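> The sequence and its predicted three-dimensional model are supplied below.
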Amino acid sequence: MIKNFKWLLLVSLSFVACDNNDDEDAVAEIPITSGSASFAKYVALGDSFAAGYSDGALFKAGQENSYVNILAQQFMPAGGVAITTPLMADNIGGLLLGGNVIAGPRLYFNGKGPVPVPGVPTTEVTNHLTGAFNNLGIPGAKSFHLLAPGYGNVAGVASGKANPYYARFATSGSTTVLADALVQAPSFFSLFIGGNDVLSYATSGGIGVNQTGNLDPSTYGGNDITDPNVFANVYNALATNLTASGAKGVVANLPYVTTLPYFTTVPYNPVPLTDAAATQLNAGYARYNGGLQAMVTNKLLTAEEAARRTIKFVAGNNAVVIVDSYLTNLAAYGVPSYRQVTKEDLVVLTARTFIGTAVGGDPTKVNGVSVPLADQWVLSKDEVKEVQVATDAYNKTISGIAESKGLAFVDTKLAMTQLSTSGVRFGNYHMTAAYVTGGAFSLDGVHPSPRGYAYIANLFVNAINAKYGATLRTVDLSQYQIQYPATIQ
């Protein structure tokens with residue numbers, strides 16, 4: 001009995017020794033603090049990313065999982081308070097104007113592909129929300145819209161002069177997004193704007209106008225590229241006004257559209273052909289190719305461009321044929337501006353269900369093959385360059401103002417590039433920009449998934465900690481789903 005007692009005593013002593021060592025080695029958790037910033041009143045300005053837009057729509061669960069809402073939650077242990085968001089009426093998504101659907105439901109993955117959720121939107125634009133809202137993320141907003149009086153006037157929604165999402169909660173029909181932010185006297189703000197200044201041009205396949213050199217945004221179309229000087233003037237006005245009373249903040253630059261799955265999912269050569277089918281198509285384009293050579297002979301076209309425009313199909317996968325307005329216009333000579341796409345061109349996501357379809361049920365008229373694709377289906381390499389040049393100019397403005405105003409800076413361009421190349425690893429997970437399976441983006445191929453928004457929130461947290469000496473916590477990305485189900489409880 002005494003012998004057993006001795007062994008028990010030794011065991012108990014060994015446990016005490018282990019406990020003592022753990023206490024000595026344990027690192028005390030750093031308290032959560034705001035550093036030199038104050039999160040007492042947080043206001044967020046931005047576009048659809050700030051709003052939490054996902055799967056092609058704005059809906060309640062998406063808003064609750066926005067990077068703005070996640071960021072606000074991380075502010076609360078450091079002196080922040082709960083923020084208000086102009087929530088949609090349902091998790092279907094979409095909008096009604098006077099009872100008519102003007103924006104459709106969100107998408108979900110049915111096992112084969114993305115399809116709209118069943119149901120009809122119930123969010124009516126004319127049902128105006130009252131109160132001050134901290135999240136001023138406006139889907140569709142371009143930089144200059146944040147300074148535009150009447151952008152939230154419901155009377156202008158039908159004509160496109162006003163934004164339906166902002167019209168739901170603007171404090172008046174004549175106010176601006178910036179004014180609705182300033183009236184709240186924010187102690188801290190986030191500003192992530194400018195994506196739509198090039199994105200709408202890109203997603204439309206470049207059917208808009210590059211407005212570089214035009215300083216009057218009131219003359220712009222919805223799919224146009226904003227002049228970099230207009231962007232710079234607007235961004236400077238936003239930052240100057242937001243910091244005028246001593247508020248601190250965080251700003252983010254813009255990624256290249258080439259990192260978004262909307263532009264990287266559909267390959268440039270998605271057309272499989274047999275040898276017989278390729279031979280038949282080549283016979284059909286023989287006259288067109290011959291016309292190109294005639295133009296070279298008559299010195300109306302260089303041999304280099306003629307080679308670029310020559311269409312040739314082979315057995316195996318083939319590039320689609322497009323109409324390219326950047327080619328030399330030879331319409332007067334009966335020669336259309338056709339060519340096959342290359343790896344430098346970006347076929348948009350929506351083309352995946354259009355390429356290969358028959359026009360009017362005629363099997364000899366196949367879209368993208370015997371019938372060239374219109375401009376809207378492909379962002380050509382020349383258009384890609386235009387978007388990148390504008391993005392670079394915007395980003396130069398953003399980084400310069402962040403430095404001059406002493407603001408925290410988030411490099412989303414670098415982060416999105418990493419997602420689209422090597423991906424991001426956390427724990428046992430690997431997140432990439434791959435469509436559907438990558439985990440970072442939603443089914444519309446442009447906006448983040450819940451996990452993608454959490455990733456963006458962490459980027460903001462890290463930038464704020466680095467700039468202001470705060471000790472905010474990041475969130476566990478594994479706790480955020482990569483897709484919303486058909487029914488959200």
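Yep, it's here. For clarity, every value in this text was computed on a predicted model and none was experimentally measured. Numbering: from 1, shown residues only.

> In terms of helices and strands, where is V366?
Using DSSP states H and E, V366 maps to strand 362-366.

> And the contacts of that strand?
G356, T357, A358, V359, S370, V371 (CB atoms under 8 Å, 6 or more residues apart in numbering). All C-beta spots, glycine's among them, are computed from the backbone N, C-alpha and C.

> what's downstream of that strand, the next helix or strand?
strand 378-379.

> Neighbouring strands of that following strand in the sheet, and parallel or not?
Strands adjacent to strand 378-379 in the sheet, as given by DSSP bridges, are strand 346-347 (antiparallel).

> What average pLDDT does the partner strand get?
Across strand 346-347, pLDDT averages out at 98.

> what's it in contact with?
With contact meaning CB under 8 Å, 6+ apart, strand 346-347 is reached by 257-258, 263-264, 266-268, 270, 320, 341, 355, 377-379, 384.

> what about 6 Å?
Defining contact as CB atoms under 6 Å, 6 or more residues apart in numbering, one finds that strand 346-347 is touched by F263, V266, V378, L379.

> got the residues you listed as TSV, with pLDDT and neighbour count columns?
Shown next, in TSV, are the contacts of strand 346-347 (pLDDT from 0 to 100; neighbours: other CB atoms under 10 Å):
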residue	pLDDT	neighbour count
F263	98	24
V266	97	23
V378	97	26
L379	97	27
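
> ok, of those residues, which one's closest to K405?
Distance to K405, by CB to CB, is smallest for F263 among these, at 32.3 Å.

> which of the residues in the strand holding V366 are buried?
V366 (16 or more other CB atoms under 10 Å).

> Mind listing the strands it pairs with, and their directions?
strand 358-359 (antiparallel).

> Could you pull up the mean pLDDT of the partner strand?
When pLDDT is averaged over strand 358-359, the result is 95.

> what distance separates that strand from the middle of the whole chain?
Distance, stretch centre to chain centre, for strand 358-359: 32 Å (CA atoms, centre = their mean, to the nearest Å).

> Could I get the contacting residues of the nearest residue to A51 once chain neighbours are set aside?
Counting by CB to CB, 6 or more residues apart in numbering, A51 lies nearest to G137, which is 3.5 Å off, once chain neighbours are set aside. Residues near G137 by CB under 6 Å, 6+ apart: G46, A50, A51.

> contacting residues around the nearest residue to K343 once chain neighbours are set aside?
Closest residue to K343 apart from its sequence neighbours, by CB to CB, 6+ apart: Y268 at 5.6 Å. Y268 makes contacts with A319, V341, K343, D345, as judged by CB under 6 Å, 6+ apart.

> are any of those residues buried, and which?
A319, V341, D345.

> Sort out which one of those lies nearest F133 for me.
Using CB to CB, the buried ones among the contacts of Y268 come closest to F133 at D345, 40.9 Å.

> if we can go back for a sec, out of the contacts of strand 346-347, who's nearest G427?
Closest approach between the contacts of strand 346-347 and G427, by CB to CB: F263, at 29.2 Å.
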